[in-house]
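Visitor: Give me a model of this one.
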Amino acid sequence: MSCIHSGWLGSIAAFLACPTASWLETLATNYQTLYHQQPAGTQRQAWDECGEILRSQLEPLLNTRPDSKSWTLIFEYELPGEGGRRPDLVLLGAGQILVFEFKQKSALSTADLDQVAAYRRDLAEYHQASANNPVTAILIPTRYTKENTTRNAVQVLNPTQISTYLETLVEIQPEIDADRWVNSSYEPLPTVIDAARRIFQQEPLPSIKRAQSAKIPEILDYLAQIVDRASRQKERHLILITGVPGAGKTLVGLQFVYQTERDRPAIFLSGNRPLITVLQYALQSKALVREIRNFYLQHEVRRQTAAREHIVVFDEAQRAWDADRMSEKYGITRAAPGAVLRICERVPDWCVLLGLIGEGQTIHVGEEGGIEQWDQGLKSAIEPWQVHCSTEQAKYFETTTYTNDLLNLTTSLRSHLAKHLQTWVTHVLNGEINQAKLVMSLLASEGFDCYLTRDLETAKNYCRSRYKDQSDKRYGLVASSRSRNLVKYGIRNDYISTQKLNLGAWYIDSTDSETSCCAFDRVVTEFSCQGLELDFPIVGWGDDLIWSNGAWMMTKSQKNVRNPLQLRINSYRVLLTRGRDGFIIFVPEEAKMDSTFEALRSSGLVALDTEA
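Guide: Okay, here's the model as predicted:
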């Protein structure tokens with residue numbers, strides 16, 4: 001039996017009958033075919049040790065479990081489309097799926113446990129043929145001498161007791177068809193950047209269960225119906241989609257622009273300059289993705305012209321400036337929503353304007369006007385507009401409004417299955433520490449890993465260890481722009497350092513690049529990560545938001561804003577919701593930060609240690 005995604009595949013009986021040298025040669029040949037390079041000496045050594053251990057354990061297993069002869073071993077199974085992520089071994093037996101990771105160590109590490117747990121989670125969630133069978137994560141430190149145990153939902157096996165564990169497997173489901181399993185579809189959740197690449201390279205986006213449950217396909221169908229009606233009846237429609245961080249708003253906007261632009265001119269705009277910068281860097285194109293600032297300048301400031309696009313998507317629309325800020329920056333006498341509506345009114349015959357609004361993410365000066373600014377813009381409009389929004393947002397509008405709760409995205413796609421992340425973050429930032437602790441146990445059970453540390457190097461080493469040899473994974477430093485005590489720890493969040501940062505390279509360049517986030521050399525703030533994501537951010541918690549007397553407080557005032565504390569809280573909401581696999585919070589070892597550290601620990605965060 002062959003598989004283009006693995007190094008060696010066959011039954012236990014076939015493995016034991018295969019000479020070691022032949023087995024190793026097959027692994028090396030298939031590795032070179034997959035990755036166009038010879039395996040390193042350390043890789044060959046690891047295979048050799050793994051094979052020796054398994055042979056010593058599987059031979060006696062055949063005597064106690066004769067049925068195990070037909071169980072399937074899949075070595076170095078590559079998760080399709082995951083940039084080379086591959087567990088050491090997948091065993092299909094007794095109707096179960098066992099995911100093995102071997103480590104040449106004597107002790108357990110948190111990173112190793114989380115790595116194999118993530119393999120289990122992704123196979124269970126995104127691998128179609130694994131949907132109905134139990135998936136178990138198994139870690140084997142090859143020099144481990146203690147008894148078999150379970151840690152963090154991972155089965156830890158002494159290498160001399162593997163057969164003892166396998167003997168106890170109970171056939172819960174019918175035996176798995178190995179051919180069908182290895183050729184099954186695997187559809188991981190794409191990042192915003194990956195999704196944009198696929199969309200604009202005309203590649204199909206995966207039909208992710210999570211996206212289906214968030215009803216994104218239905219939203220796109222609904223938007224297409226409005227476009228057809230608007231163009232046919234010569235109408236103007238304003239559609240507002242709200243949602244929690246990571247709910248897929250940007251994905252909706254990008255796909256909407258792409259699928260309509262083929263027939264009707266469309267453009268994707270954002271007030272989030274970092275997001276646009278990274279998207280343009282990834283796509284190597286500025287054709288359909290642009291900064292809204294240039295849209296204002298071209299069509300309202302320099303000359304009052306009509307846009308050529310009948311479909312306009314305004315992403316990160318919660319960042320729409322109020323009238324004072326628009327006047328200060330551009331000389332425009334109305335708030336951003338009114339300015340965009342005015343430009344869209346000049347588009348001949350008809351127009352559809354889609355605003356994507358993130359909840360609790362207003363972090364800039366001039367962004368505190370809220371959704372009410374859209375109603376104010378409509379009141380001064382010359383042309384009639386029809387408004388579509390969720391029931392929750394309809395209260396802000398006096399004009400005729402069509403409500404559809406499809407337009408409120410309440411489920412985070414970014415965080416795999418971490419549907420409780422938003423709840424935990426809200427409890428923490430509301431000062432509801434006890435409630436947060438209850439939610440954290442649910443997060444942990446879903447495989448979303450959250451840690452707390454006062455040693456930044458420990459956090460960095462965790463990321464390097466967990467994602468070793470996973471070239472598509474991204475981890476790095478994020479921090480609030482207003483904390484002043486983080487720079488001395490190597491988190492350079494000062495204005496000059498962040499302005500010099502090449503954002504596109506930071507998010508996209510390879511893990512071994514000096515410009516990559518994985519180098520831990522530069523940091524992004526809340527202004528440069530809103531709408532973007534990492535697999536595992538290290539969040540520097542600074543002295544701008546400190547826990548004191550049972551509540552969050554600011555240590556320094558902020559001018560020209562209505563509610564500076566709320567902006568600080570919103571900044572940390574953004575920072576805490578950037579991770580796809582989890583996050584680590586680093587709190588400096590300073591007396592003034594002790595109460596903050598204790599509050600976060602009381603919220604359920606686990607202290608990160610080098611050994612588990």
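Visitor: Tell me which stretches of the stretch 501-612 of the chain form helices.
Guide: Secondary structure of the stretch 501-612 of the chain (DSSP state H, counting those that start in this stretch): helices located at 503-508, 526-529, 564-576, 594-602.
Visitor: that's a helix at D194, yeah?
Guide: Yes. D194 sits within a helix when classified using DSSP: H, G, I helix; E, B strand; the rest coil.
Visitor: quick one: it from G476, how far?
Guide: Using CB to CB, to the nearest Å, D194 is found at 17 Å from G476. Every residue, glycine included, has its C-beta placed from N, CA and C.
Visitor: In terms of neighbours, single out the busier of those two.
Guide: G476 (24 against 17; other CB atoms under 10 Å).
Visitor: Give me the secondary structure label for the more buried one.
Guide: Under three-state DSSP, G476 comes out as strand.
Visitor: Give the next helix or strand downstream of the least confident helix or strand in the chain by mean pLDDT.
Guide: Ranked by mean pLDDT, DSSP states H and E, the weakest helix or strand in the chain is helix 209-213, scoring a mean of 52. The helix or strand immediately downstream of helix 209-213 is helix 216-233, counting by DSSP states H and E.
Visitor: gap between that following helix and the chain center?
Guide: Distance of helix 216-233 from its chain centroid, counting by CA atoms, centre = their mean, to the nearest Å, is 28 Å.
Visitor: CA atoms only for it - export them in CSV, please.
Guide: Only the C-alpha atoms of helix 216-233 are listed here, as CSV (Å, rounded to 0.1, in the frame of the first residue of the first chain):
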residue,chain,number,x,y,z
ILE,A,216,-20.2,31.9,6.3
PRO,A,217,-21.4,30.2,3.1
GLU,A,218,-25.0,31.4,3.9
ILE,A,219,-23.8,34.9,4.5
LEU,A,220,-22.0,35.0,1.1
ASP,A,221,-25.2,33.7,-0.6
TYR,A,222,-27.2,36.4,1.2
LEU,A,223,-24.7,39.1,0.1
ALA,A,224,-24.9,37.8,-3.5
GLN,A,225,-28.7,38.1,-3.5
ILE,A,226,-28.5,41.8,-2.3
VAL,A,227,-26.0,42.6,-5.1
ASP,A,228,-28.3,41.0,-7.7
ARG,A,229,-31.2,43.0,-6.4
ALA,A,230,-29.3,46.3,-6.2
SER,A,231,-28.0,46.0,-9.7
ARG,A,232,-31.3,44.9,-11.1
GLN,A,233,-33.5,47.5,-9.3
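Visitor: list the buried ones in it?
Guide: Residues I216, I219, L220, L223, I226, V227, A230, S231 are the ones in helix 216-233 that count as buried (16 or more other CB atoms under 10 Å).
Visitor: Who are the packing partners of it?
Guide: If contacts are counted by 3 or more CB pairs under 8 Å, 6 or more residues apart in numbering; DSSP states H and E, helix 216-233 sits against strand 236-243, helix 249-261, strand 351-358.
Visitor: quick one: which of those has the weakest pLDDT on average?
Guide: When those are ranked by mean pLDDT, helix 249-261 comes last with a mean of 83.
Visitor: tell me the angle it makes with helix 216-233.
Guide: With axes from the mean of the first three to the mean of the last three CA atoms, to 10 degrees applied, the angle from helix 249-261 to helix 216-233 works out at 40 degrees.
Visitor: what are the pairing partners of the helix or strand just after helix 249-261, and which direction each?
Guide: Remark: after helix 249-261, the chain's next helix or strand is strand 266-270, criterion DSSP H and E. With DSSP bridges as the test, strand 266-270 is paired with strand 289-291 (parallel), strand 311-315 (parallel).
Visitor: Return the set of buried residues in strand 266-270.
Guide: Under the neighbour-count criterion of 16+ other CB under 10 Å, strand 266-270 has A266, I267, F268, L269, S270 buried.
Visitor: try stretch 239-259
Guide: Of all the residues in stretch 239-259, those buried under the rule 16+ other CB under 10 Å are 239-258.
Visitor: Then stretch 289-302?
Guide: For stretch 289-302, a neighbour-count test (16+ other CB under 10 Å) marks V289, R290, E291, I292, R293, F295, Y296, H299, E300 as buried.
Visitor: Can you name the residues that contact the fifth one?
Guide: Just to be clear, that refers to R293. Taking CB atoms under 8 Å, 6 or more residues apart in numbering, we find R293 in contact with G271, R273.
Visitor: doesn't it fall inside a helix?
Guide: Yes. Counting by three-state DSSP, R293 is found in a helix.
Visitor: related to what we said a few turns ago, using CSV, please lay out the buried residues of stretch 289-302 together with distance to D581.
Guide: Compiled in CSV, these are given as follows (distance: CB to CB, whole Å):
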residue, distance to D581
V289, 27
R290, 31
E291, 30
I292, 31
R293, 33
F295, 35
Y296, 38
H299, 41
E300, 42
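Visitor: tell me what the helix or strand D324 falls within is packed against?
Guide: Assigned by DSSP H and E, D324 falls within helix 323-330. Counting by 3+ CB pairs under 8 Å, 6+ apart, the packing neighbours recorded for helix 323-330 are helix 336-345.
Visitor: what does the helix it packs on contact?
Guide: Residues from elsewhere that reach helix 336-345 (CB under 8 Å, 6+ apart): 236, 238, 271, 292, 295-296, 299-300, 306-307, 312, 314, 317, 320-323, 326, 332, 334, 351, 353, 355, 373-374, 376-378, 380-383, 385.
Visitor: Which members of those are classed as buried?
Guide: Buried members of the contacts of helix 336-345, counted by 16+ other CB under 10 Å: 236, 238, 271, 292, 295-296, 299-300, 307, 312, 314, 317, 320-323, 326, 332, 334, 351, 353, 355, 373-374, 376-378, 381, 385.
Visitor: re the thing from before, relative to P188, which of the buried residues of strand 266-270 is nearest.
Guide: Within these, proximity to P188 (CB to CB) peaks at F268, which comes in at 23.6 Å.
Visitor: Check the secondary structure at Q38 for me.
Guide: Counting by three-state DSSP, the backbone at Q38 sits in coil.
Visitor: My understanding was that it contacts Q32; is that so?
Guide: Yes. Using CB atoms under 8 Å, Q38 is in contact with Q32, at 5.9 Å.
Visitor: can you tell me which residues contact L89?
Guide: C50, L54, L73, I74, F75, Y77, V99, F100, F102.
Visitor: make that S465, sorry
Guide: Residues near S465 by CB under 8 Å, 6+ apart: S109, A111, D112.
Visitor: So what's the residue count around the second one?
Guide: Meaning A111. Burial of A111 is recorded as 21 neighbouring residues (other CB under 10 Å).
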